[in-house]
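[1] what follows is a predicted structure for the sequence shown.
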Amino acid sequence: DEDPFVTDYSKINVNYIPVKFEDTPEDIAVKKDILQKIVDTVYDIERRVPAKNYLKLYKLRYEDGMTQKEIAHSLNLSQSEVSKRLFKLMDEVKQALK
């Protein structure tokens, strides 16, 4: 005999609605500063080593969402060279954000 007042919670479907919190003006300012530092760093490395196409590499990977293989094909480079350049670029960005 099942008790009519006992609910089998394992059969209940619960849907959660994500709650979006608005950024405070301080959060927006910090994000803007971080993005500006990233942009400045990418442009700086591009100026120092223009032959490596760091700016184009950054755009293809982080703005266009291309894979390393796709970037390699697009820039006529090996995938390992793309990987090395991305690593160098992100290492410089990390150093700039310290």
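    Here it is on my side, so go on. Numbers count the residues shown, from 1 in each chain.

[2] tell me how many other residues crowd the closest residue to residue 70 other than its chain neighbours.
    Distances taken as C-beta to C-beta, 6 or more residues apart in numbering put residue 60 closest to residue 70, at 7.6 Å, once the chain neighbours are dropped. Using the backbone N, CA and C atoms, a C-beta is placed for each residue, glycine as well. Using other C-beta atoms under 10 Å, residue 60 has 20 neighbouring residues.

[3] would you confirm that residue 60 contacts residue 74?
    Yes. Look at residue 60 against residue 74 with C-beta atoms under 8 Å: they come within range, at 6.4 Å.

[4] what touches both of those two?
    Residues touching both residue 60 and residue 74 (C-beta atoms under 8 Å, 6 or more residues apart in numbering): residue 66.

[5] can you give me the helices in this structure?
    25-48, 54-58, 68-75, 79-97 (DSSP state H).

[6] what is the mean pLDDT for the second one?
    In this case it means helix 54-58. Averaging pLDDT along helix 54-58 gives 93.

[7] please point out which parts of it sit buried.
    Of all the residues in helix 54-58, those buried under the rule 16 or more other C-beta atoms under 10 Å are 54, 55, 57, 58.

[8] any low-confidence regions in the chain?
    Low-confidence segments of the chain (pLDDT under 70): 1-14, 19.

[9] rerun that using 90 as the cut-off
    1-28, 30-31, 97-98 (pLDDT under 90).

[10] just name the most buried of the helices of the chain.
    helix 54-58 (a mean of 20; mean count of other C-beta atoms under 10 Å).

[11] keeping just the C-alphas, turn that one into PDB.
    Taking Å, rounded to 0.1, in the frame of the first residue of the first chain, the C-alpha atoms of helix 54-58 are listed here in PDB:
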ATOM      1  CA  TYR A  54      50.200  37.400 -34.100                       C
ATOM      2  CA  LEU A  55      47.300  39.800 -34.700                       C
ATOM      3  CA  LYS A  56      45.800  37.700 -37.500                       C
ATOM      4  CA  LEU A  57      46.400  34.500 -35.400                       C
ATOM      5  CA  TYR A  58      44.600  36.100 -32.400                       C
END
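
[12] and it, what does it pack onto?
    helix 25-48, helix 68-75, helix 79-97 (3 or more C-beta pairs under 8 Å, 6 or more residues apart in numbering; DSSP states H and E).
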